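K.L.:
sequence-free structure coming up:
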């Protein structure tokens, strides 16, 4: 068990972080905190990918010496590429989420999602009368 | 061997790139009507291209799929598309449904969306179509993730473009649920990459079969496919995760509702079917017992979605809850795990894609005629004033209930055939009972709505005027705080009760929808043959 | 209608402990002390805000919901932990991911793509379709933010007026000399560094996304030290859409060319160049420049749309 934890602590941390982010996304009432949770979740995935791409004794896949390109020198470049793509995607979704939160704040003067739901329900009922 | 592909085979990649570029060009235009024409042109061209591809593939005997490399490097290294008759057929149908949905709701779009932002609506439509086509054609797991994200943001954008408080709240709920789904999907993808070392679906299948026979990673394989099914279930609103759907679909403008429930949900389901057939084989899926979970989710969705719809008074929300039930049918078909079940799921997907947009658009038109009242009771007599929308609504309702001759009937027959072929007595019983109960429930909420819209209107003029005055008062205050041009306009119109004439586009779209509904309901032999071939080539 | 919807606001002059203040600030209930001057002066009396008195169902079931979600999360963590335990060992060579796919990327990457940075070669040449999608995600996100936050002169909004007042206040406040001078010294170097990162993306770590983010940071620094009015003399909404859409179109067209020639096994006319030189890597350098421009504009666009609702 101890060996396992010592060998896999990156992945364990990633899974726990994913859980923390997921819980934030579900439990928090504040929209900004929810979005922070979303970012923690995404970052956990990147940590997981980066950790799984690592190999002892190998270096990052940006060679300085272009004459010696052997697969035994460099780590696998695919996880790095996936992380790069993922980061941009998560930046975009976060910006979109923040814009939604700002719009809701300007309308309802609160960031609390429960209050927003109550207020919008009231608004709908007012309109119906 | 000649390396040059027939020119027709380039069409999948062309159609994805064309729709993407259409979206990129739109910001230069800044005019909603011009943007709409460009969007319509692109959808037509893409639809025709996919139809030609489909015709060519069928003419060649219809027994082959081909792979198309995106770039100079073959598949495990580069990205890859994979097209067959089924994919081409689905892409054609999606283009048709999208064009008709936009045409049918055109007047509502121009009314609900502020003039300065109308071009952005069509930008989102272009990119939404691009992502749907990419989800249909792609053969790469990570590529699917990227296009899922495009799809999510575009879908959220077409909900919130109506810019009222209700739609923004609906959007943020949709957005949060979608983000959970994307997170689960990405984590599952990276885990799967770690145990197989591949991102290409076909290569993953080889590795998965090898791993499964070794027995090394049986538990991770189960967990990964479970997470993926959960992610897709969240995004396509299967029962326990459906809470975002009625708000998002019920409050947006009618074209958006039509496209969201007709197409956006289907994109994820097609991805799920590909995951089942191309990544994991059906045999592994049933041995890992994932199929049982899917079938339980599906049946629960069928029943609970219908019960919720039964309780609903808001007509668009009722139709939206009905979508939850219909997605449950498709899930059940996938969960049956046989080829014929999968074929029935595809058939139901098509039937739903051609029926639900029609229902939403017809309901939008009826609601407009009744003076923007969304209560079913308030719609009394609206169909008499607007017979075309009334007929469309009735045809859609009958199709969703599953009356013979209409589109919704055929897949139900196939579902029961699949259940008989499955061999398990408990599966057969559950599926048959669920089908019967759900059909009765569907009838219980669709038929009263039909009766309501056709029954003659009572004299309620005095009361109505009073309500209007009230509504106007509330709105007057609201305008002070928020930017509310569209709603302010609505209030204005409520007062004058203008009879907006039905546009040619609306009439055309309704007529084509009704015709295709009958086509799906009557000409089921050729279509089911195509789908059968397609399913057999999916793996 | 005169009720204050947020009764806690009344208590702001009471002494609060720093932690409580920080907590309130994080919750979005209050601005930090120093920025009180620039607070959005919205008169809440004008709004007919419904008062939160009704205990809604959502609040009643709050506790049940929290317990339920914690259970879900613990279950999720343990399920994923079980999957992780059985993953291949960490940092070893013979794991499934080190297969022929990654070997080819490393060994043939330079000859295939002409790019010395293997990751850049992978994402912009081998798997270019993913990256095209990824740039489109940025584009669609910025357009969605425009839908949400861009001002419409035909529909002025109370909060927008408040923003204008805030901006005026900032403009009237005493000029921050240190900020301006430091910004004028730093911005050229930041831009230069960003351009360096973009242009060397194919031979060293970096690339369009990171370099573009750096350049976007320079624009944001300029806007926050000199004000948006100065920026809008050379960068407004028209230039913004022009640059992002044109760059993305160039990207998509060049990739469409390479997809078409690649799939049909035609010879591509784009030279690969000398490996390691600045003019190498075929399409990767122009693509990096396009991506850099998109990202720089988008980053500034997000900042500007969020802070004043326009670009």
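P.N.:
Done, it's in. As the structure is a computational prediction, the values presented were derived from the model and not from experiment.
K.L.:
around chain C, which positions in the stretch 201-350 of chain B sit nearby?
P.N.:
Contacts of the stretch 201-350 of chain B with chain C, taken as Cβ under 8 Å from any Cβ of the partner chain, map to B:207, B:216-217, B:219-220, B:223-224, B:226. C-beta coordinates here come from the backbone N, C-alpha and C atoms, glycine included.
K.L.:
which of the residues you listed are buried, as a PyMOL select command?
P.N.:
Written as a PyMOL command, the selection of buried residues from those, which uses 16 or more other Cβ atoms under 10 Å in any protein chain shown, is:
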select buried, chain B and resi 207+217+220+223+224+226
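K.L.:
which one of the residues of the stretch 201-350 of chain B next to chain C is nearest residue B:413?
P.N.:
Minimum distance to residue B:413 across these is 30.9 Å, recorded for residue B:226 (Cβ to Cβ).
K.L.:
that closest one against residue B:292, yeah?
P.N.:
No. With contact defined as Cβ atoms under 8 Å, residue B:226 and residue B:292 do not form a contacting pair (11.6 Å).
K.L.:
list residues touching both of those two?
P.N.:
Common contact partners of residue B:226 and residue B:292 (Cβ atoms under 8 Å, 6 or more residues apart in numbering or on different chains): none.
K.L.:
give me the phi and psi for residue B:140.
P.N.:
phi -130, psi 130 (degrees, to the nearest 10).
K.L.:
can you count the residues close to it?
P.N.:
28 (other Cβ atoms under 10 Å in any protein chain shown).
K.L.:
also residue B:426?
P.N.:
Neighbours of residue B:426 (other Cβ under 10 Å): 8.
K.L.:
what about the helices in chain C?
P.N.:
Here chain C has its helices, by DSSP state H, at C:18-26, C:57-60, C:62-85, C:100-113, C:118-121, C:128-149, C:158-172, C:177-199, C:208-226, C:228-234, C:237-263, C:284-308.
K.L.:
looking at those helices, which is nearest to residue B:57?
P.N.:
With Cβ to Cβ, the closest approach to residue B:57 among the helices of chain C belongs to helix C:237-263: 16.5 Å.
K.L.:
quick one: is the closest one near chain A?
P.N.:
No. Applying Cβ under 8 Å from any Cβ, one finds that helix C:237-263 is not in contact with chain A, the shortest distance being 13.0 Å.
K.L.:
what residues of that helix count as buried?
P.N.:
C:237, C:240-241, C:243-252, C:254-256, C:258-263.
K.L.:
which other helices and strands contact that helix?
P.N.:
Using 3 or more Cβ pairs under 8 Å, 6 or more residues apart in numbering or on different chains; DSSP states H and E, the elements in contact with helix C:237-263 are helix B:11-25, strand B:66-70, helix C:128-149, helix C:284-308.
K.L.:
quick one, the longest one and helix C:237-263 angle?
P.N.:
Pointing back at helix C:284-308 there. With axes from the mean of the first three to the mean of the last three Cα atoms, to 10 degrees defining the directions, helix C:284-308 sits at 150 degrees from helix C:237-263.
K.L.:
orientation of helix C:284-308 relative to helix C:128-149 in degrees?
P.N.:
Here helix C:284-308 points in a direction 20 degrees away from that of helix C:128-149 (the same axes, to 10 degrees).
K.L.:
next one: the closest residue in space to residue C:243 that isn't next to it in sequence from chain B, what distance?
P.N.:
Spatial nearest neighbour of residue C:243, excluding adjacent residues (Cβ to Cβ, 6 or more residues apart in numbering or on different chains): residue C:297 at 5.1 Å. Distance, residue C:297 to chain B, using Cβ to the nearest Cβ, to the nearest Å: 12 Å.
K.L.:
and residue C:297, what does it touch?
P.N.:
C:216, C:240, C:243-244.
K.L.:
tell me which of those is nearest to chain A?
P.N.:
residue C:216 (10.9 Å; Cβ to the nearest Cβ).
K.L.:
and residue B:215, how many neighbours?
P.N.:
Look at residue B:215: counted by other Cβ under 10 Å, it has 7 neighbours.
K.L.:
next one: phi and psi at it?
P.N.:
Residue B:215 adopts backbone torsions of phi 80, psi 10, taken as degrees, to the nearest 10.
K.L.:
which stretches in the stretch 401-539 of chain B count as helices?
P.N.:
Ranges of helices within the stretch 401-539 of chain B are B:409-422, B:425-454, B:461-481, B:485-496, B:504-522, B:524-538, based on DSSP state H, counting those that start in this stretch.
K.L.:
which one of those lies nearest to chain A?
P.N.:
Nearest to chain A, of all the helices of the stretch 401-539 of chain B, is helix B:461-481, at 5.0 Å by Cβ to the nearest Cβ.
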